[in-house]
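> got a sequence here, can you build the structure:
(one chain, ligands or ions: 2)
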Amino acid sequence: MSELLSFENALQEIQQSATVRVGQHKLPLLEALNKITTQDIVADSCVPPYDNSAMDGYALSFDDWSTDQVFPISQRIPAGQTATPLEPGTCVRIFTGACIPTGADTVIMQENASISKEGIHFKDRPSQGENIRPKGQDIFTGQTIIKAGTKLSPMHIGLLSSLGITEIMVYKTLRVGLLTTGDELIPAGDKLAGGQIFNSNGPMLTALLLQAGYEVIDCLHAKDTPEATEVAIKKLIQSCDVILSSGGVSVGEEDHVKGALEKLGEVHLWKIAIKPGKPLVHATLDNTPFLGLPGNPSSTLVTYHWFATLLLAASAGQSTRLPQAYLIESGFNRIQSIKRDEFLRVSIGQDGLAYAHSQQSSGALLAACESHGYLHVKANTPIEYGCSYPFYPFSGF
Ligand SMILES: Nc1nc2c(c(=O)[nH]1)N[C@H]1C(S)=C(S)[C@@H](COP(=O)(O)OP(=O)(O)OC[C@H]3O[C@@H](n4cnc5c(N)ncnc54)[C@H](O)[C@@H]3O)O[C@H]1N2
Ligand code: MOO
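Residues are numbered from 1 along each chain as shown. Ligands and ions are numbered 1, 2, ... in the order given. Sure thing, here's the model as predicted:
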């Protein structure tokens, strides 16, 4: 086991080696959804831009209020209009979102007002400043609202629109090339012959990449020969910013990916002390980063989640950090441990405890579909009922 790199060291090596691989351009705001900011966004104005009412009601000066005071209405201010200064001793009829007139500092909601011919009476003492949303409550001028390297979400699109921003500088979309390997694989839709299985990693990786907002330039398949593997890799190098592959990275004489990488570029790491996913390989070919994921579908998924997401994000210009862990207590015991860090596919029960799926084979994918995420169990660590372990939901990757 000594030749296996630790999980933490592998993460660090891949993260440290990654650099931005894409250019920049300015896009209309909605087209920038899921794109990555190239610089900090600093607000050049306040949101809201003026003090405004949080309620439909009446604005007045708190100092004018007494329990017997009746306030004539001197002004009506709907949202969208400007206000003139408050006449002392009066109140103004005001609506949610409307400007607070100079001199008013309190809004009383209409449910707490009594209307008579003389004016409006507010029996209960208000709190000074109530129901007023001050200028800059959400964003103030000069505030950094979005950091460089942020993937823009629908919330960011709303936030930027609240500042009147219509276009933004973002990184161009990362172009990813995919290679699947294996003589036994045929595409879904073809007819299976003896010894064959359908290629599921190709579509799964494509879906993962598309979901993350990357462009899948090409998805090639290579037979298990050194020549076919090299030809496919050379083709992908021409057009892709990053290349991912599945299969062919283990030690058998049918595994040709690592050999091809050694021939075409520099291999940085191979074999990590994790289960599933041990024979991951990381290389650079002609300045193009390459991550060779193991072929067993759950090994492909785990290594994509932990390592490919890191490499891809950094290559795309995104600030990278590890996914959020939640400490969750185990709902089961397991005495035996192994010498590799494990990523068990687990569900969180109604009782809040983590339960391992009964099928943990790296060749089985249904377990991932029926689980909520990974329980990270360190090497040589037994699992004890009620003890806490880091849990990583699939949605966090
Ligand atoms: N003697 C040893 N044998 C193996 C070792 C080892 O240390 N010594 N490691 C095992 C581990 S761990 C893993 S993981 C696998 C990884 O092997 P490869 O990455 O070389 O993958 P393949 O051999 O090409 O395929 C493994 C398995 O996955 C299926 N597969 C591959 N690609 C796809 C695909 N696109 N869609 C669906 N299924 C796929 C393939 O048919 C095999 O069953 O090596 C162990 N062996
Ligand atoms: O490391 Mo492999 O992915 O256990 O089968």
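
> rest of the way, CA atoms for contacts and neighbours
Will do.

> which SS class is residue 135?
coil (DSSP: H, G, I helix; E, B strand; the rest coil).

> residue numbering should commence at 320 henceforth.
That works, and once the first residue is 320, the last one we named lands at residue 454.

> got a list of what it touches?
Residue 454 is in contact with 365-371, counting by Cα atoms under 8 Å, 6 or more residues apart in numbering.

> distance from the top helix by length along the chain to the middle of the chain?
For the chain, the longest helix by residue count, based on DSSP state H, is helix 545-558. Here helix 545-558 shows a centroid-to-chain-centroid distance of 31 Å under the convention Cα atoms, centre = their mean, to the nearest Å.

> so which elements touch that helix?
Applying 3 or more Cα pairs under 8 Å, 6 or more residues apart in numbering; DSSP states H and E, we find helix 545-558 packed against strand 494-500, strand 534-541, helix 576-583.

> could I have the CA atoms of it written out in CSV?
Extracted as CSV, the C-alpha positions of helix 545-558 are listed here (Å, rounded to 0.1, in the frame of the first residue of the first chain):
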residue,chain,number,x,y,z
PRO,A,545,-2.1,1.4,-27.2
GLU,A,546,-2.5,2.7,-30.7
ALA,A,547,-6.3,3.4,-30.5
THR,A,548,-5.8,5.0,-27.1
GLU,A,549,-3.0,7.3,-28.3
VAL,A,550,-4.9,8.3,-31.5
ALA,A,551,-8.0,9.3,-29.5
ILE,A,552,-6.0,11.3,-26.9
LYS,A,553,-4.1,13.1,-29.6
LYS,A,554,-7.3,14.1,-31.3
LEU,A,555,-8.8,15.4,-28.0
ILE,A,556,-5.7,17.5,-27.3
GLN,A,557,-6.3,19.5,-30.5
SER,A,558,-9.7,20.9,-29.3
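
> isn't residue 647 right up against residue 711?
No: judged on Cα atoms under 8 Å, residue 647 makes no contact with residue 711 at a distance of 9.6 Å.

> ok, the two, which is more surrounded?
Counted by other Cα atoms under 10 Å, residue 647 and residue 711 do not tie: residue 711 has more neighbours, with 22 against 18.

> need the contact list for that one.
Contacts of residue 711 by Cα under 8 Å, 6+ apart are 642-645, 692-695.

> ok, now with 7 Å
Going by Cα atoms under 7 Å, 6 or more residues apart in numbering, residue 711 touches 643-645, 692-694.

> and for residue 490?
By Cα under 7 Å, 6+ apart, the neighbours of residue 490 are 341-344, 354-357, 636.
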